[in-house]
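Asks: Quick check, what structure comes out for this input:
(one chain, ligands or ions: 1)
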Amino acid sequence: MVTVEAVLGDITTQCVDAIVNAADSALMGGGGVDGAIHAAAGPALLEDCRRVRATTHPKGLPVGEAVATGAGNLPARWVIHTVGPNRHRGQDDPALLASCFTRSLAVARDLGARCVAFPAVSAGVYGWDAAEVAAVATDALRADLAEHDGVDLVRFVLFSEPTLAAFQSALSAAGPLL
Ligand code: ADP
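Replies: Next comes the predicted model:
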């Protein structure tokens, strides 16, 4: 039985196995949730990201992909970085956004992370409507969690009341499977 929930809060304080970062392709930190995660994690996170760039992803992390690092000073054990599609650059394919959620869960399973917190990937600077992100995320999770074991808790951690409301409504529309 998997628990999927939506809460109002700051993802950097979550006591889960892994938190997902809405990163950009360069993985060098930035604004929004990415900046908050790097600020709270401290310099060890940037070091880990530099190592990813120097080894597996010299050209950066592609949109829709996910990669894990340590979590520095955060209560979580890992940060899973994913790059959402940027609507302002014409990246409006929901499959790319769905991939952020499913690839992040696949990385979590590989790590053995059973409790995973997600922000509203692409719903900030990257310009997607929160309701659309919520619907895409919920659909992606429904299919993914039905097919694969390994994750017990998915928590969406939302930073504003309207975003929380969008996720709550998408989750209740999704019905009992979640
Ligand atoms: P993107 O570039 O993918 O749109 P942003 O960081 O700009 O990413 O925004 C994604 C979402 O994360 C937005 O809804 C934003 O309000 C939210 N957010 C910002 N800081 C935090 C935080 N500390 N915890 C959780 N969510 C956050």
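
Asks: only C-alpha atoms for contact and neighbour calcs from this point on.
Replies: Fine.

Asks: if I look at residue 12, how far off is residue 20?
Replies: Look at residue 12 and residue 20: by C-alpha to C-alpha, to the nearest Å, they are 10 Å apart.

Asks: So which of the two has more stuff around it?
Replies: Neighbour totals were compared for residue 12 and residue 20, and residue 20 leads with 30 against 25 (other C-alpha atoms under 10 Å).

Asks: Need the pLDDT of the spatially most central residue of the chain.
Replies: Centroid-nearest residue in the chain, with C-alpha atoms, centre = their mean: residue 20, separated by 3.5 Å. Note on residue 20: pLDDT of 99.

Asks: that's a strand at it, yeah?
Replies: Yes: the assignment for residue 20 (DSSP: H, G, I helix; E, B strand; the rest coil) places it in a strand.

Asks: Grab the nearest non-local neighbour of it.
Replies: residue 80 (4.6 Å; C-alpha to C-alpha, 6 or more residues apart in numbering).

Asks: Show me the beta-bridge partners of the one you found.
Replies: On the basis of DSSP bridges, residue 80 is bridged to residue 20, residue 68.

Asks: Quick check: it touching residue 27?
Replies: No: between residue 80 and residue 27 there is no contact under C-alpha atoms under 8 Å: 11.0 Å.

Asks: follow-up on the earlier one: now list whatever residues contact both of residue 12 and residue 20.
Replies: Common neighbours of residue 12 and residue 20 (criterion: C-alpha atoms under 8 Å, 6 or more residues apart in numbering): none identified.

Asks: Please list the residues of this structure that sit near the ligand.
Replies: 10-12, 22, 32-34, 36, 84, 119-127, 157-159 (C-alpha under 6 Å from any ligand atom).

Asks: Need the buried ones from those selected in PyMOL.
Replies: Of the residues of the chain next to the ligand, the buried ones can be selected in PyMOL as follows, counting by 16 or more other C-alpha atoms under 10 Å:
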select buried, resi 11+12+22+33+34+36+84+119+120+121+122+123+124+126+127+157+158+159
